[in-house]
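Asker: Task: produce atomic coordinates for the following.
(one chain, ligands or ions: 2)
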Amino acid sequence: MQAYRAAILRFAEDQSAVYEQDGLLVIGADAAGRQVVRAVGAYADLVQQHAGVETVHLPGRIIAPGFIDLHIHFPQVDVIGSPAPGLLPWLENYTFPQEAKFADDAHAQALASFFLDELLRHGVTTPLAFATSHPASVNALMGQAQQRGLRLIAGKVLQDRHSPDGVRDNTEQSLIDTESLIARWHGLGRLGYAITPRFAPSCSQAQLRGAGELAARYPDVWIQSHVAENLDEVKWARELFPSSRSYLSVYDDFGLMRERAIYAHCIHFDDDDRRLMRATGAAAAVSPTSNLFLGSGFFDYEGAQRIGFKYGLASDVGGGTSFSPFHTMLAAYYVGREGQTKPGISLSPQNLWWQHTAGAAQALGLKGVIGNLQPGCEADFVVLNPAATPLLARKTAQAASLDELLFSLIVLGDDRVIDRVFVGGTSGALAAGEIVEVSNDNDPS
Ligand code: GUN
Ligand code: ZN
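Answerer: Numbering: from 1, shown residues only. Ligands and ions are numbered 1, 2, ... in the order given. Model (predicted):
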């Protein structure tokens, strides 16, 4: 076992944050050999029973759950910041040409490595990621995640129509490839597979039907797609699938809505759509930096909370502008505050943080596995430096409550706050911070 002494942030059942100013996090192997949280709480309460456990003391630091990014595109690293009047021209002029480059395996390998390192540098320990339509792009990303011991969920994009040469796939082959990739990667170590229809307009009925059949055959595989992001896209989807009640209903009609189905954006919904999300157990990946950048609209937090369906936060890089969970949480705050058509609801800093950790885990069906630091959770965590910049140091030193502390980090934080990242209990090549003190003498006297 190994213990860490620092301030510790985690989440209770009711989604509120639990904060120990002087906490102890004890990590060790479970019966299956996974590194998990064995004990967590106030240092004073736990120190006696863990006397003799090597303890790394991190004064002035905060240990928090690794962030989960519910929706991100690994091949869009080089798409970030590409200007376009809206989603559809952005896809055509920037995204598809970049994704076509992933036919080259060397390019896919290089970008997979860069992408995962960039996520880790920003404190993200689990992404739900789109690859490209090339099966080898999934192999590249999964292989790189496996090397890093990362929990990653990803899938080959399905897009057999309305897509240019270089990214368009073949209906039958795309389904064969998806099933082969499930067999190769799903459940291997910490890896999971997601059936990934790009969005309804890029998939034929036959491809969506095949995807739905795979989803039924593999109930613990994830599903990911886009829905109701942009008004032109919504109009197009309605024209292509006139017999479905709404754009979201297209996915339901093809058997693609269930637990473990994550739909990015979910902006232009009515209450029937929200009820369909709730009834099926599907979850929304709220992607505020992308929605603001592409001018897509504002996720309706009031509607989501009123009807009650699952959601969590996502970067949606490269529509999104940052890998940083702090930037995403801040953008979500702006949206909750001012972007609502109904009277603004104010998202609390604890709730914003929950949406990017424990709430995102719940959306994935991985509650109690990742996104929290309660006993039994996998040991994916970050060590935060609340004094990483001069302004942060001033601001966080004056915080009179947990909300004030978390808000300072959300508003002023970025990758500089991420001191160390632990994946499955170890901080590998990315360990940047120094161990301040190592002691196996836990006797406080
Ligand atoms: N809709 C279909 N493909 C995409 C994509 O790559 N990014 C975003 N934001 N929306 C999409
Ligand atoms: Zn996306």
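Asker: Could you use CA atoms for every contact and neighbour count after this?
Answerer: Noted.
Asker: OK, contacts around whatever residue of the stretch 251-400 of the chain ends up closest to ligand 1?
Answerer: In the stretch 251-400 of the chain, the residue that lies nearest ligand 1 is G319 (5.0 Å; CA to the nearest ligand atom). Applying CA atoms under 8 Å, 6 or more residues apart in numbering to G319 gives the contacts 79-81, 289-291, 293-294.
Asker: farthest pair in these?
Answerer: V79 and N291 (14.9 Å; CA to CA).
Asker: The two: which has the busier surroundings?
Answerer: N291 (26 against 22; other CA atoms under 10 Å).
Asker: Just name the shakiest helix or strand of the chain by mean pLDDT.
Answerer: Every helix and strand of the chain was ranked by mean pLDDT, DSSP states H and E. The lowest is strand 437-439, at a mean of 47.
Asker: Check what pLDDT R337 gets.
Answerer: Listed pLDDT for R337 reads 85.
Asker: ok, residues contacting whichever strand or helix holds it?
Answerer: Using DSSP states H and E, R337 sits within helix 325-338. Applying CA under 8 Å, 6+ apart, the external contacts of helix 325-338 come out as 67, 69, 122-124, 287-289, 298-301, 313-315, 322, 344-347, 352-353, 356, 409-414.
Asker: just checking, what packs against whatever helix or strand comes next after it?
Answerer: Counting by DSSP H and E, the next helix or strand C-terminal to helix 325-338 is helix 349-355. Here helix 349-355 touches strand 310-313, helix 325-338, helix 402-412, going by 3 or more CA pairs under 8 Å, 6 or more residues apart in numbering; DSSP states H and E.
Asker: if we go to 10 Å?
Answerer: Under the contact criterion of 3 or more CA pairs under 10 Å, 6 or more residues apart in numbering; DSSP states H and E, helix 349-355 touches strand 2-11, strand 17-29, strand 54-65, strand 67-73, strand 310-313, helix 325-338, helix 358-363, helix 402-412.
Asker: For R190, grab the count of nearby residues.
Answerer: 18.
Asker: same deal with the one 3 residues further on?
Answerer: Residues contacting Y193 under the criterion other CA under 10 Å number 29.
Asker: residues in contact with it?
Answerer: 128-129, 138, 142, 152-156, 178-179, 181-187, 220-224 (CA atoms under 10 Å, 6 or more residues apart in numbering).
Asker: Check P242 too.
Answerer: Contacts of P242 by CA under 10 Å, 6+ apart are 236, 250.
Asker: any idea how far it is from ligand 1?
Answerer: 19 Å (CA to the nearest ligand atom, to the nearest Å).
Asker: Not counting sequence-adjacent ones, nearest residue to P59?
Answerer: Spatial nearest neighbour of P59, chain neighbours left out: A6 (5.8 Å); criterion: CA to CA, 6 or more residues apart in numbering.
Asker: Okay, and the beta partners of the one you found?
Answerer: Note on A6: beta-bridge partners by DSSP bridges are G23.
Asker: Going forward, count from 12.
Answerer: In the new count, where the first residue is 12, that last one comes out as A17.
Asker: just checking, it touches V37?
Answerer: No - assessed by CA atoms under 10 Å, A17 is found out of contact with V37, at 11.4 Å.
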